[in-house]
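Curious how this folds, go ahead:
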Amino acid sequence: IDQLISQVIVYPNKGTNTSDLAKAIEGEIQQIQTMTGEKFDERVGSSITIFNAVILGIALISLAVGGLSVINTMAMSIAERTREIGIKRAVGSSRLRIMRELVSEAGLIGFIGGTLGLILGAIIVIIANELGRNSGTVLFELTFGTALFALIFSTILGMGAGFIPAWNAARMDPVEALRHE
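Okay, the predicted model is just below:
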C-alpha cells in the first residue's frame, strides 16, 4: 500500500438510517471505525462544554480583577482627595452629591476600561477569524449587541465597585477631612 486513507466521509441519501449504515460499513470493511453525526455532535459537544467552562472561569477571574482594580483606584483617588472632599462638604455639598460624583467617576473608569478591552478583544477576534478562515471556520462572532452589552456591563461594574469608596468618602467628617494632609 503506497497511500494510507485516514478518513472517509459518507453522505447518506435522505431518509437513510445512519446507525444502520454505520454498522453495515463496519461489517463490510475490516479495521474501520465509523462515527455517525449524533456521535460526532456528542464528542464535539463535550469539548465545547469544557471550552465554555474554561472561558467562563477566565471571565469570572477577569471580572473580579477588574472590580478590585476599580475599588483600589477609587480608594487611592479618595485618599488623595480627602481635603477636596472636606472642602466640598464644608461649603455645603450634600453626601448624596459627593457620592453621585464619585460613583460617576468610577463608572467612567469602568467605561474606559471596557472600551479598551472591547478594542483589544475585537482585534483578537479579527485575527482568530482570519486564521480560521482558510478552513472555513469562523471561531468567534462579535456583534453590536455583544459590544454594547460589554460596555454597559463594564460601566455598571465600575459604578458598583466605586460605591463603597464613595460611601466612605461621603460619610467623612468635614473638619477631620480638612485637617488631613
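
Specify the helix with the largest residue count in this structure.
Secondary structure of the chain per DSSP state H: the longest helix is helix 37-80.

Could you list the alpha-carbon positions for the following helix or strand past it in PDB?
Downstream of helix 37-80, the first helix or strand assigned by DSSP states H and E is helix 82-90. C-alpha atoms of helix 82-90 as PDB (Å, rounded to 0.1, in the frame of the first residue of the first chain):
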ATOM      1  CA  THR A  82      -9.600  63.900  51.200                       C
ATOM      2  CA  ARG A  83      -9.100  67.700  51.700                       C
ATOM      3  CA  GLU A  84     -11.000  68.400  48.500                       C
ATOM      4  CA  ILE A  85     -13.900  66.300  49.700                       C
ATOM      5  CA  GLY A  86     -13.700  68.000  53.100                       C
ATOM      6  CA  ILE A  87     -13.900  71.500  51.400                       C
ATOM      7  CA  LYS A  88     -16.900  70.400  49.400                       C
ATOM      8  CA  ARG A  89     -18.700  69.200  52.500                       C
ATOM      9  CA  ALA A  90     -17.700  72.400  54.400                       C
END
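
what's helix 82-90 in contact with?
The contact list for helix 82-90, computed with C-beta atoms under 8 Å, 6 or more residues apart in numbering, reads 78, 95, 97-98, 169, 172, 174-178, 180-181. All C-beta spots, glycine's among them, are computed from the backbone N, C-alpha and C.

in that helix, what counts as buried?
82, 85, 86, 88, 89 (16 or more other C-beta atoms under 10 Å).

From residue 44, how far off is the fourth one?
Per C-beta to C-beta, to the nearest Å, residue 88 is found 59 Å from residue 44.

Next, the contact list for the residue nearest the centre of the chain, please.
The chain has residue 59 as the residue nearest its centroid, 4.6 Å off, counting by C-alpha atoms, centre = their mean. Residue 59 makes no contacts at all, as judged by C-beta under 8 Å, 6+ apart.
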